[in-house]
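Novice: please find the sequence and the predicted model below.
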2 protein chains.
Amino acid sequence: MPLLVMKFGGTSVGDIARIENAAKKVQAEVARGYDVIVIVSAMSGKTNELVGWVEGTSKLYDAREYDAVVSSGENVTAGLMALRLQEMGIPARSWQGWQVPINTTSAHGSARFISIPRENLDAKFAEGFKVAVVAGFQGISAEGRITTLGRGGSDTTAVAFAAAFGAERCDIYTDVDGVYTTDPRISPKARKLDRIAFEEMLELASLGAKVLQTRSVELAMRYKVKLRVLSSFEDTDETSGTLVCDEEDIVESKVVSGVAYSRDEAKMTLIAVADRPGVASAIFGPLAEAGVNVDMIVQNISEQAAGHSGNTTDMTFSVPINQVERARKAMEAARAAGIVSYSDLVEDTEVAKVSVVGIGMRSQVGVAAKTFAALAAENVNIKVIATSEIKISVLIDRKYLELAVQALHDAFELDKA
Amino acid sequence: MPLLVMKFGGTSVGDIARIENAAKKVQAEVARGYDVIVIVSAMSGKTNELVGWVEGTSKLYDAREYDAVVSSGENVTAGLMALRLQEMGIPARSWQGWQVPINTTSAHGSARFISIPRENLDAKFAEGFKVAVVAGFQGISAEGRITTLGRGGSDTTAVAFAAAFGAERCDIYTDVDGVYTTDPRISPKARKLDRIAFEEMLELASLGAKVLQTRSVELAMRYKVKLRVLSSFEDTDETSGTLVCDEEDIVESKVVSGVAYSRDEAKMTLIAVADRPGVASAIFGPLAEAGVNVDMIVQNISEQAAGHSGNTTDMTFSVPINQVERARKAMEAARAAGIVSYSDLVEDTEVAKVSVVGIGMRSQVGVAAKTFAALAAENVNIKVIATSEIKISVLIDRKYLELAVQALHDAFELDKA
């Protein structure tokens, strides 16, 4: 029997009526002849409520107890979904992580999968059960404790089950109807993509397009799981949403697939850093230890230009705006400890990042030039540039964010299929 | 190390502040040198919310899924309690039913204990853990599914752990400070009892004194677990609350310990029932099948008195008022099927039950006479009488309920220690 994995996020199972609506989508796939593994999140708001209780109870909480508490939201929706499917006459049962079992590492709060043995679920499918409803986001450690996978973990659970059970596809039902060329709230010309390559989706996910969790895309890419993003609030069929797939499955790809952005960035520059071998690790080691997520890094040999004396350099990097203070303290501590020397630390918290993403860049030249030209035509000053094989990112003044996204969307004609 | 079981009900763990308050009571016992097994209920209101969702999802719900859903509330409080204790510096961890494991029958929604192996918890106590926080109300079946014990199941969990681990005592923390001679809302003279025998508590629990769940008292009596009821909202010490214990541990017992009542009763009388062998089972069999909880039963041979022709009898019984319709339908169906014959079914839904309970009745005569005299002195008419070895119950007009309770409380001088 062909098998599908269907994942419903928190808003898609936010109340009894929405669970019923999601169950109807499962029913439709069963009617098409599929066995289905349904992965559910907690009702929207529930996990936050549970996290709030944990944090209200204990400041430095035991991550094992945190996991035992916050995993309960998914158990509730798994049971309710199984009940709703039964009510529709579909043989179904719920599975908590330890019942499957979903074996994970003991890294509580951010556990990783070790194995998902198929025996128990396969036996139930063989008995005639059509649907296994699995609580997302959780697993069990070798010590028999409940683990969780971290935020967005239910997407990852869905992909892991699709890989383990050789599912034909993994459908991620959410509150948007697919992946767009850019954020429709910024550009009314944004167009839904029918297909997008894993690599592109990864860049978009990590750049702030909050449709899919990065780890789930990585996992899907590694195991070649066809991932589909579609809306749980609209009528859907086999052609709905956006398919995230191997680039070989994309018949005609454009050079650029989308324009992503990240609003809450900050630029930090260390002035006149003593330039010697190992200086980069002397800076970014302490930042990593402090839990700062450094994104773009640019180093300028600038002793002449800035009039520095001796062998110094300026080091610029970007961090999420809410980590600026943490980053500054880490740098000041490193300077005080003699690990790094610099004359000044300049912060610019009024910046945003805009990125152009597309696998076509690999074979096509001139994308960078076109990007810079489009921004120059709108008088948008570029503060930092970073590139990868399939991405060009620029840091600009935040006030130009919408303008820059629209200009790039137009320049690459993303509104046209 | 001596061991205590401490159980906290839903109101006692109703929010973060109350969990902290309960944790302080655990801390005090640890300071006295005890290892402690804490049994927690769900936060008050949570189980009802979960039950509401189940019933809203599926009318004829699968009890296995019901259990998977409603058991989650206890898992949350178990984790939070463990976190709070850790925050106080006490080595503690939470245990869900399947982790202990608490082995039960597969009777989902009303499962019974099979075994509670000590190995896992004992190993943790041996490692230096002082407190095991166990989610009440739940267990695991041989099939690996989550089970629940039915309403009030956390009391039963507490007693079962006290029996399995040879606890010195099982303390039930609740929103009242003990067991009273009668309901203080009805009689201001009601007095808290220091001790009460298991048998008396059983009669009081089943008669509507909602302090302890009947099954937990039965279990405590069978395994001779000393059970203490005390308030989680007051300062308590080793002498607080009411100890429910073996009657041998009660030094000087009074003839009567308490006056219980049940307000929502109904009296049903089948008139001119054909009196032949097996007629009682012909009546009460169908009632039991319909799920009617018949309490008192009186049969009058009344052909002369009521002017009946032939060999007939009147059969009177009492049921909870909300089961009257179900009982009537069961009787009408039995009559239509020729299982039983009667001329009329008379219902009186304006009655209440008052009961006098005391182990001293076994050796003391005249309690019944004193009971009837006290009611007669207040002109309270008795409609049905039923007695057991340690109890006299009467059915009276509901409007006299308060009057009757007060009169009996006075007659047996229950306000005096």
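Specialist: Ah, there it is.
Novice: can you pull the residues of chain A lying near chain B?
Specialist: Residues of chain A lying close to chain B (C-beta under 8 Å from any C-beta of the partner chain) are A:16, A:19-20, A:50, A:53-54, A:56-62, A:64-66, A:68-69, A:72-73, A:75-76, A:78-80, A:82-84, A:86-87, A:93-94, A:96, A:98-99, A:144-146. Just so you know, the C-beta spots here come from the backbone N, C-alpha and C atoms, and that holds for glycine as well.
Novice: got a quick ChimeraX command for the buried subset of these?
Specialist: Provided next is the ChimeraX selection string for whichever of these are buried by 16 or more other C-beta atoms under 10 Å in any protein chain shown:
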select /A:16,19,20,50,53,54,56,57,58,61,62,64,65,66,68,69,72,73,75,76,78,79,80,82,83,84,86,87,93,94,96,98,99,145,146
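Novice: next secondary structure after the lowest-mean-pLDDT helix or strand in chain A?
Specialist: Least confident helix or strand of chain A, by mean pLDDT, DSSP states H and E, is strand A:297-300 with a mean of 82. Where DSSP states H and E defines the elements, the next helix or strand beyond strand A:297-300 is strand A:312-320.
Novice: let me know the next secondary structure element after that next one.
Specialist: Where DSSP H and E defines the elements, the next helix or strand beyond strand A:312-320 is helix A:324-336.
Novice: the residue in the stretch 101-250 of chain A positioned nearest to chain B: what secondary structure?
Specialist: Among the residues of the stretch 101-250 of chain A, A:Gly144 lies closest to chain B, at 6.1 Å counting by C-beta to the nearest C-beta. What DSSP: H, G, I helix; E, B strand; the rest coil gives for A:Gly144 is coil.
Novice: so where's the stretch 201-350 of chain A uncertain?
Specialist: Counting by pLDDT under 70, the stretch 201-350 of chain A has low-confidence residues at A:207-209, A:252, A:301-310.
Novice: sorry, back to before: using CSV, list the CA coordinates for the least confident helix or strand of chain A.
Specialist: Coordinates of each C-alpha in strand A:297-300 appear next as CSV, following Å, rounded to 0.1, in the frame of the first residue of the first chain:
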residue,chain,number,x,y,z
ILE,A,297,31.5,38.3,8.2
VAL,A,298,33.6,40.8,6.3
GLN,A,299,37.2,41.6,7.0
ASN,A,300,38.8,44.8,5.6
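Novice: list the buried residues of it.
Specialist: A:Val298, A:Gln299.
Novice: how about stretch A:342-360?
Specialist: Neighbour-count burial for stretch A:342-360 [16+ other C-beta under 10 Å]: A:Tyr342, A:Asp348, A:Val351, A:Ala352, A:Lys353, A:Val354, A:Ser355, A:Val356, A:Val357, A:Gly358, A:Ile359, A:Gly360.
Novice: mind listing what A:Asp62 touches?
Specialist: Listed by C-beta atoms under 8 Å, 6 or more residues apart in numbering or on different chains, the contact set of A:Asp62 reads B:Ala82, B:Leu83, B:Gln86, B:Arg93.
Novice: tally of neighbours for the closest residue in space to A:Ala386 that isn't next to it in sequence?
Specialist: Computed as C-beta to C-beta, 6 or more residues apart in numbering or on different chains, the closest residue to A:Ala386 that is not its neighbour in sequence is A:Met296, at 4.2 Å. Neighbour count for A:Met296, taken as other C-beta atoms under 10 Å in any protein chain shown: 19.
Novice: which SS class is the residue in the stretch 251-400 of chain A positioned nearest to chain B?
Specialist: Taking C-beta to the nearest C-beta, chain B has its nearest neighbour within the stretch 251-400 of chain A at A:Gly291, 22.2 Å off. Three-state call for A:Gly291 (three-state DSSP): coil.
Novice: where's it relative to A:Arg215, distance?
Specialist: Plainly put, A:Gly291 is 18 Å away from A:Arg215 if you go by C-beta to C-beta, to the nearest Å.
Novice: between those two, which has more neighbouring residues?
Specialist: A:Arg215 (21 against 10).
Novice: can you list the strands that the one helix or strand A:Thr269 maps to pairs with?
Specialist: A:Thr269 belongs to strand A:258-274 when assigned by DSSP H and E. Partners of strand A:258-274 in the sheet, by DSSP bridges, are strand A:312-320 (antiparallel), strand A:344-357 (antiparallel).
Novice: nearest to B:Cys170, out of those?
Specialist: Closest to B:Cys170 of the strands paired with strand A:258-274 is strand A:312-320 (C-beta to C-beta; 51.7 Å).
Novice: the residue of the stretch 251-400 of chain A closest to chain B touches A:Asn322, doesn't it?
Specialist: No. Applying C-beta atoms under 8 Å as the test, A:Gly291 and A:Asn322 come out as separate, 11.5 Å apart.
Novice: can I get the strands paired with strand A:258-274 in JSON lines with distance to A:Ser106?
Specialist: Formatted as JSON lines, the strands paired with strand A:258-274 follow (distance: least, C-beta to C-beta, whole Å):
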{"stretch": "strand A:312-320", "distance to A:Ser106": "28"}
{"stretch": "strand A:344-357", "distance to A:Ser106": "35"}
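Novice: quick one: closest of the ones you listed to A:Lys267.
Specialist: strand A:344-357 (4.2 Å).
Novice: return the alpha-carbon coordinates of that closest one using PDB.
Specialist: Backbone C-alpha positions of strand A:344-357 (Å, rounded to 0.1, in the frame of the first residue of the first chain) are rendered in PDB as follows:
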ATOM      1  CA  ASP A 344      36.500  50.500  19.200                       C
ATOM      2  CA  LEU A 345      33.300  48.500  18.700                       C
ATOM      3  CA  VAL A 346      30.800  50.200  16.400                       C
ATOM      4  CA  GLU A 347      27.200  49.000  16.400                       C
ATOM      5  CA  ASP A 348      24.600  49.700  13.700                       C
ATOM      6  CA  THR A 349      21.200  48.300  14.800                       C
ATOM      7  CA  GLU A 350      19.300  49.900  11.900                       C
ATOM      8  CA  VAL A 351      20.100  47.300   9.300                       C
ATOM      9  CA  ALA A 352      18.200  44.500   7.500                       C
ATOM     10  CA  LYS A 353      19.300  41.700   5.200                       C
ATOM     11  CA  VAL A 354      18.000  41.000   1.800                       C
ATOM     12  CA  SER A 355      18.900  37.800  -0.200                       C
ATOM     13  CA  VAL A 356      18.500  36.600  -3.700                       C
ATOM     14  CA  VAL A 357      18.400  32.800  -3.900                       C
END
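Novice: for the helix or strand following that strand, buried residues please.
Specialist: Downstream of strand A:344-357, the first helix or strand assigned by DSSP H and E is helix A:367-377. For helix A:367-377, the neighbour count (16+ other C-beta under 10 Å) marks A:Val367, A:Lys370, A:Thr371, A:Ala374, A:Leu375 as buried.
Novice: widest-spaced pair of the residues you listed?
Specialist: Using C-beta to C-beta, the buried residues of helix A:367-377 span at most 12.9 Å, a distance reached by A:Val367 and A:Leu375.
Novice: over to A:Leu4: give its phi and psi.
Specialist: For A:Leu4, the backbone dihedrals (degrees, to the nearest 10) come out as phi -120, psi 150.
Novice: ok, how many other residues are close to the spatially closest residue to it that is not a sequence neighbour?
Specialist: What sits nearest to A:Leu4 in space, not counting adjacent residues and going by C-beta to C-beta, 6+ apart, is A:Tyr34, at 4.6 Å. For A:Tyr34, the number of neighbouring residues by other C-beta under 10 Å comes to 21.
Novice: before we move on, what about the one 3 residues further on?
Specialist: By the other C-beta under 10 Å criterion, the neighbourhood of A:Ile37 contains 26 residues.
Novice: hang on, A:Phe412 packs against A:Met361?
Specialist: No. Taking contacts as C-beta under 8 Å, A:Phe412 lies outside contact range of A:Met361: 10.7 Å.
Novice: now for those two: what residues contact both?
Specialist: Taking C-beta under 8 Å, 6+ apart as the criterion, A:Phe412 and A:Met361 both touch A:Val255, A:Val256.
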